[in-house]
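Q: 3D model of this:
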Amino acid sequence: MTNPEGRLGRITFTFDDGKLSTHTNVFPLLRGAGLRGQLAVITDSVGQDQQYSWDHVAEMAAAGWEILSHSRTHDFAIMNDEKMRAEVVGSRDLLRARGYPARVFSMPGGPWGDDPQFEPGSPFVALVRRTYAAFTPESSGPHLMKNPVDPYNLGYMCCECYGVAEWEYPLETILQAIDAVAQDGLWVDLVWHDVRGFYVQKLEAVVAHALPLVRSGRLVNVTISEAIGLATNGPRP
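A: Numbering: from 1, shown residues only. Reported below is the predicted structural model:
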């Protein structure tokens, strides 16, 4: 069905986990196409082996990329109150100290995804809601997103999940989703992790498909904060 309200489709590129390939492979590819992404930063991993540096983060942010919190350590196996605050609030504070508003928290995936301590109404989710203006929960599942959106249940489509095929959307499905987004005025967040080898070609194919839709005005490349109206507002205190 054609979009009856004339809304532009929106596309977001999110890169989790701080991999160096985001700077070496992804950043030049998107920049060459006139597109931007967003970094979901594990703050304690920045600068480690095969991870991008704070200088890389600054370079990408200066090019219009949004900086999200992806926790301090990505280890949620044990989550007492002290650890929870470090991962949720501490990561935001570290990003803010470097000048990044960090309006959005991106939940790390893992074996804890279905743990009751991360379910709606849990102390963890309550802390995220008090700290951030939006939340991409690992348990939400990938899906297309419509207006109005719930900023605490944003969802995503995983395009590259370290080669785990059952977690990844195939290229044909991603391209079909982009077409649906452009046609019906929806929004999709495409999530990637370590874009190397085959996945560089996969991302190139996605960009090549999306770019004519962007240039024709049927699709707009945004960040999460732009998509849900946070970009002009200050972060929560």
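
Q: use CA for all of it now, contacts and neighbours both
A: Fine.

Q: can you give me the helices for the chain?
A: Under the criterion DSSP state H, the chain contains helices at 21, 27-32, 54-62, 81-85, 91-97, 123-131, 171-184, 198-215, 224-227.

Q: return the most buried member of those.
A: Here the criterion is mean neighbour count by mean count of other C-alpha atoms under 10 Å, and of the helices of the chain the winner is helix 224-227, at a mean of 20.

Q: before we move on, the earlier item: of the helices of the chain, which is nearest residue 161?
A: Ranking the helices of the chain by proximity to residue 161 (C-alpha to C-alpha) places helix 198-215 first, at 9.9 Å.

Q: can you show me the CA trace of that closest one as CSV?
A: Output of helix 198-215 as CSV, limited to C-alpha atoms (Å, rounded to 0.1, in the frame of the first residue of the first chain):
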residue,chain,number,x,y,z
PHE,A,198,31.9,-10.9,2.4
TYR,A,199,30.1,-8.3,4.6
VAL,A,200,31.8,-5.4,2.9
GLN,A,201,30.2,-6.5,-0.3
LYS,A,202,26.8,-7.0,1.5
LEU,A,203,27.0,-3.5,2.9
GLU,A,204,28.0,-2.1,-0.6
ALA,A,205,24.9,-3.8,-2.1
VAL,A,206,22.6,-2.3,0.6
VAL,A,207,24.1,1.2,0.0
ALA,A,208,23.8,0.8,-3.8
HIS,A,209,20.2,-0.1,-3.4
ALA,A,210,19.3,2.6,-0.9
LEU,A,211,21.2,5.5,-2.6
PRO,A,212,18.9,6.1,-5.6
LEU,A,213,16.0,6.2,-3.2
VAL,A,214,17.8,8.8,-1.1
ARG,A,215,18.7,10.8,-4.1
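
Q: so what are the sheet partners of the longest strand along the chain and their directions?
A: In the chain, taking DSSP state E as the definition, the longest strand is strand 9-16. Pairing partners of strand 9-16, with direction, according to DSSP bridges: strand 38-41 (parallel), strand 187-192 (parallel), strand 219-221 (parallel).

Q: average pLDDT for stretch 167-186?
A: Mean per-residue pLDDT for stretch 167-186: 95.

Q: which regions of the chain sit below the pLDDT cut-off?
A: Under the criterion pLDDT under 70, the flagged ranges of the chain are 1-6, 232-237.

Q: still on that earlier bit, tabulate the helices of the chain (a markdown table), appending distance to residue 148.
A: Shown next, in a markdown table, are those (distance: least, C-alpha to C-alpha, whole Å):
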| stretch | distance to residue 148 |
| --- | --- |
| helix 21 | 34 |
| helix 27-32 | 28 |
| helix 54-62 | 27 |
| helix 81-85 | 30 |
| helix 91-97 | 26 |
| helix 123-131 | 18 |
| helix 171-184 | 14 |
| helix 198-215 | 22 |
| helix 224-227 | 10 |
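
Q: for residue 158, which of these is the nearest?
A: helix 171-184 (9.3 Å).

Q: what packs against that closest one?
A: strand 9-16, strand 187-192, helix 198-215 (3 or more C-alpha pairs under 8 Å, 6 or more residues apart in numbering; DSSP states H and E).

Q: picking up where we left off before, could you dump the strands paired with strand 9-16 to CSV with distance to residue 167?
A: As requested, the strands paired with strand 9-16 are arranged in CSV below (distance: least, C-alpha to C-alpha, whole Å):
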stretch, distance to residue 167
strand 38-41, 18
strand 187-192, 11
strand 219-221, 24
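
Q: for the ones you listed, which one sits closest to residue 142?
A: For residue 142, the closest of the strands paired with strand 9-16 is strand 187-192, at 8.5 Å, according to C-alpha to C-alpha.

Q: residues in contact with the residue nearest the centre of the chain?
A: The structure's the chain has its C-alpha centroid closest to residue 14; by C-alpha atoms, centre = their mean the separation is 3.4 Å. Neighbour list for residue 14: 37, 38, 39, 40, 189, 190, 191, 192 [criterion: C-alpha atoms under 8 Å, 6 or more residues apart in numbering].
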